[in-house]
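Enquirer: need a 3D model of the sequence below.
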Amino acid sequence: MAEGLLRKLAADRYEALSAGSNPAGYVHPTAMTVMAEINVDLSAHVSKDIRTFLPPDGTPPDLVISVCSHAERDCPVFPGVVKRLHWPYPDPAGLEDERRRLALAREVRDALESRIKQALQASELAGD
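Expert: The predicted structure follows:
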């Protein structure tokens, strides 16, 4: 969701990439549903592993934002200077009840959107 929101809000000011420390291999249907509600299409997005951005094959990002506690804990250390931010949010995917999962996903989506807007205004997303 964060990648889709950053792409929507920052257009081409930043290259938004999303990856997980233990990716599911697919974009969760709940994320696709709640993002479609705000006209963000995630159908072309793929689930990626953060380790693909490690050398020698990958290029480390300038900034890593972890959004759940296990991601912050499990995120690898990148060589060089990589700015790190932690914005903790609950993971809706773990809820079995679909109504609760959708409600939480909407809350997380809206909180992420607000946080990204604030960060863009404060230039918090600058890689230096």
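
Enquirer: if you average pLDDT over the longest helix along the chain, what comes out?
Expert: Ranked by residue count under DSSP state H, the longest helix found in the chain is helix 98-121. Averaged over helix 98-121, pLDDT sits at 95.

Enquirer: output the contacting helices and strands for it.
Expert: Under the contact criterion of 3 or more Cβ pairs under 8 Å, 6 or more residues apart in numbering; DSSP states H and E, helix 98-121 touches helix 2-10, helix 29-36. C-beta here means a position set from N, CA and C on the backbone, and glycine is covered the same way.

Enquirer: identify the residues contacting it?
Expert: Helix 98-121 has contacts (Cβ atoms under 8 Å, 6 or more residues apart in numbering) with 1-2, 5-6, 9-10, 13, 30-31, 33-35, 37-38, 67, 85, 87, 89-90, 92-93, 95, 124-125.

Enquirer: now those: which count as buried?
Expert: 1-2, 5-6, 9-10, 30-31, 34-35, 67, 89, 92, 95, 125 (16 or more other Cβ atoms under 10 Å).

Enquirer: after the one helix or strand in the chain whose mean pLDDT sits lowest, which helix or strand is next? Please name it.
Expert: Ranked by mean pLDDT, DSSP states H and E, the helix or strand of the chain with the weakest confidence is helix 69-74, at a mean of 66. Sequence-wise, the next helix or strand downstream of helix 69-74 (DSSP states H and E) is strand 83-86.
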